[in-house]
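Visitor: What follows is a predicted protein model with its sequence.
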Amino acid sequence: MPLAKPQDLFERAFREGWALGAFNTSNLEVTQAIVRAHVEARAPGIVQTSEGAIRYAGLTTLRDLIRDVADEASVPIVLHLDHGKSFDVASHCIEAGYTSVMIDGSALPLAENIALTRRVVERARAVGVWVEGEVGAIPGKEGLRGSGVGVADSLLTDPDDAARFVRETGVDALAVSVGTIHGAFRGTERIRFERLEAVHRAVSVPLVLHGGSGLPAEEIRRAVGLGVAKVNIDTELREAFHDALTAHREDEPDHAVDPRAMLTPARDAVQRTVAEKVSLLGAAGKAESSTG
Ligand SMILES: [Zn+2]
């Protein structure tokens with residue numbers, strides 16, 4: 001079906017207490033894996049591309065690829081920009097047909113973050129595109145493995161800032177810093193539930209959890225009951241892809257020169273990982289009553 005608008009999906013997820021998985025891609029195999037897992041689970045979902053993925057594959061190439069794969073699918077698939085850092089990037093994606101964009105001004109002073117986000121909301125609203133903003137800093141780097149201590153309190157989302165941000169920008173969803181770290185973090189990464197609850201009480205919009213890779217399943221489930229309606233997963237897909245590719249090269253050196261033979265097990269491994277997350281988030285079976 002055509003790329004889905006997220007409005008109805010978020011409204012239902014938020015109200016019914018499940019979450020949309022948002023999975024990063026930059027190529028054909030990962031895109032197919034994400035979409036196939038959602039079709040099998042009869043789940044709606046979000047395919048997202050970072051600025052880095054857009055640089056890697058090209059905006060229209062990546063857009064066409066995801067749109068074509070989604071077109072073939074019988075479940076709603078949203079195309080989302082992950083961590084757009086400028087008005088121009090968000091605007092280009094909106095023009096290209098993305099149905100959802102994130103504008104990440106979290107490194108700016110709050111007033112500048114509000115001004116930037118409001119500008120993107122005005123641009124997006126005119127064409128019915130969903131906008132995710134961010135207040136508070138989510139540390140780490142997408143796709144990297146890290147370790148160490150948890151997130152400093154000063155980086156966590158302040159509930160008063162969040163309330164002002166949502167009120168003054170009109171943003172549709174809010175990415176929050178509540179203890180998670182980008183990348184697969186081995187250490188003391190834990191969701192700060194008291195902070196998540198405070199932010200959830202302070203704002204009325206659905207919350208977005210970034211850095212979902214490596215978190216214990218029970219923590220993710222609990223967060224979904226506290227206003228989190230979108231969970232971003234990137235690193236665990238990369239790990240599944242990498243590990244399957246590496247194992248294949250060791251098992252079958254004779255076939256290693258055929259890209260299809262190399263990439264098929266990697267694609268299957270990513271699909272299994274996505275399927276686990278979709279089930280964990282409670283999105284399985286939610287495609288049917290969606291209007292898409
Ligand atoms: Zn993120």
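Guide: Thanks, I have it.
Visitor: and whichever strand or helix holds residue 68, how far from the chain's centre?
Guide: Assigned by DSSP states H and E, residue 68 belongs to helix 59-72. Helix 59-72 sits 17 Å away from the centroid of its parent chain (CA atoms, centre = their mean, to the nearest Å).
Visitor: which parts of that helix are buried?
Guide: Within helix 59-72, the residues that count as buried by 16 or more other CB atoms under 10 Å are 59, 62, 63, 65, 66, 67, 69, 70. C-beta here means a position set from N, CA and C on the backbone, and glycine is covered the same way.
Visitor: pLDDT averaged over it, what's the number?
Guide: For helix 59-72, mean pLDDT is 98.
Visitor: What helices and strands are in contact with it?
Guide: helix 28-41, strand 45-50, helix 51-57, strand 77-84, helix 87-96 (3 or more CB pairs under 8 Å, 6 or more residues apart in numbering; DSSP states H and E).
Visitor: Indicate which one of the ones you listed is closest to residue 190.
Guide: Set against residue 190 and scored by CB to CB, the helices and strands packed on helix 59-72 come closest in strand 77-84, at 22.7 Å.
Visitor: May I have that closest one exported as CSV, CA atoms only?
Guide: Provided in CSV are the C-alpha atoms of strand 77-84 (Å, rounded to 0.1, in the frame of the first residue of the first chain):
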residue,chain,number,x,y,z
ILE,A,77,4.5,1.5,6.5
VAL,A,78,5.6,5.0,7.5
LEU,A,79,8.7,6.6,6.0
HIS,A,80,10.4,8.8,8.6
LEU,A,81,13.5,11.0,8.7
ASP,A,82,15.6,10.2,11.8
HIS,A,83,17.5,13.0,13.5
GLY,A,84,17.1,15.7,10.8
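Visitor: ok, the buried residues of helix 59-72 vs residue 49, which is closest?
Guide: Nearest member of the buried residues of helix 59-72 to residue 49, counting by CB to CB, is residue 62, at 5.6 Å.
Visitor: show me the contacts for that closest one.
Guide: 25, 26, 49, 53, 54 (CB atoms under 8 Å, 6 or more residues apart in numbering).
Visitor: measure it to residue 52 for me?
Guide: Look at residue 62 and residue 52: by CB to CB, to the nearest Å, they are 11 Å apart.
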